[in-house]
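Asks: Generate coordinates for the sequence data below:
(chains A and B)
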Amino acid sequence: NAGVTQTPKFQVLKTGQSMTLQCAQDMNHNSMYWYRQDPGMGLRLIYYSASEGTTDKGEVPNGYNVSRLNKREFSLRLESAAPSQTSVYFCASSPLTGLGYGYTFGSGTRLTVV
Amino acid sequence: SQQGEEDPQALSIQEGENATMNCSYKTSINNLQWYRQNSGRGLVHLILIRSNEREKHSGRLRVTLDTSKKSSSLLITASRAADTASYFCATALSNDYKLSFGAGTTVTVRA
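Replies: Here you go, the predicted structure:
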C-alpha cells in the first residue's frame, strides 16, 4: 500500500519555465490537497479538491493551476515559474470532504526556481 | 494566515525525558490535529481531538484541548531518539474542513 505518491522528488527550473507536479493516492480517498512548505511558515494550502470533478482555491493559489484527473490523481501546474515558488510541495489526501479525518501526505517535491 | 501557532519553536531534551509543546489558535474549531515531520519527509498524522473532547491518548502521546483558552498541548512521554522531528498542530475551523497548519516545533532528543 503506497499511500500518496508524488513525482518528481526534486526539480530545478529556470524562471519562466513550466512544469507539472504529479500526485496519486491508492487509498480511495475522495479529497486531495496541495500545500507548500516554506521555512518558518508551516504549510499553506494552494488548491484542494473535495471530490472528483471539483477543485477550489486555497490560501495561496496565484501562479498555480490544478487538475483532478480522476479519483486517484491530482496534479499541480506551474505555468511560468518564479523564484518565489521555490518551496517544498506536499500533496495530501483524506477520506471524505468532512470533518474529523486526518490527512495522509506524500513525501514532497523539492522545487528550486533559479 | 496561520490559524495555529506552536510554542516553543524549538525544544531539546534528553532521551527518557518528557517533551511538551503547545498550540494556540484564533477562531472556533471543529477539531485539532497533531502531525510529525521527520527531516526531509512528509507529515504523518499522530492524533486528532475534537472540540468536545478535552484529552486523548495514543501510546506515548497525550493531547489536551482547552477551547476556552483556544489552546492545545502535545506531551510525548519517555522520549526516544526516534522522536526527533518537527511537530505541527493543524486546525479545522467550525465552518470549514480544510486544515490550517502552524509553523511547528522542532524537537531534538539527545542520547
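
Asks: B:C23 belongs to a helix, doesn't it?
Replies: No: read with DSSP: H, G, I helix; E, B strand; the rest coil, B:C23 is strand and lies in no helix.

Asks: before we move on, which element is the most centrally placed residue in chain A in?
Replies: Closest to where the C-alpha atoms of chain A average out (C-alpha atoms, centre = their mean) is A:W34, at 2.8 Å. Using DSSP states H and E, A:W34 sits in strand A:31-37.

Asks: Now do the contacts for B:K69.
Replies: Shown in contact with B:K69 (C-beta atoms under 8 Å, 6 or more residues apart in numbering or on different chains): B:S24. For every residue, glycine as well, the C-beta is placed using N, CA and C.

Asks: Tell me how far it lies from B:T84.
Replies: 29 Å (C-beta to C-beta, to the nearest Å).

Asks: Also A:G108?
Replies: 18 Å.

Asks: Those two: which has the busier surroundings?
Replies: The neighbour comparison of A:G108 against B:T84 (other C-beta atoms under 10 Å in any protein chain shown) goes to A:G108, with 23 against 19.

Asks: follow-up on the earlier one: does anything pack onto the strand holding A:W34? Which helices or strands?
Replies: strand A:19-25, strand A:43-49, strand A:64-68, strand A:74-78, strand A:87-94 (3 or more C-beta pairs under 8 Å, 6 or more residues apart in numbering or on different chains; DSSP states H and E).

Asks: contacting residues around stretch B:74-86?
Replies: Under C-beta under 8 Å, 6+ apart, the answer for stretch B:74-86 is B:13-23, B:34, B:36-39, B:46-47, B:60-64, B:87, B:89, B:104-109, B:111.

Asks: Could you do stretch A:10-24 as well?
Replies: By C-beta under 8 Å, 6+ apart, the surrounding residues in contact with stretch A:10-24 are A:4-8, A:32, A:34, A:72-83, A:89, A:91, A:106, A:109-114.

Asks: where's that stretch relative to the chain centroid, distance-wise?
Replies: Mean-position distance between stretch A:10-24 and its chain equals 12 Å (C-alpha atoms, centre = their mean, to the nearest Å).

Asks: No further queries at this time; thank you.
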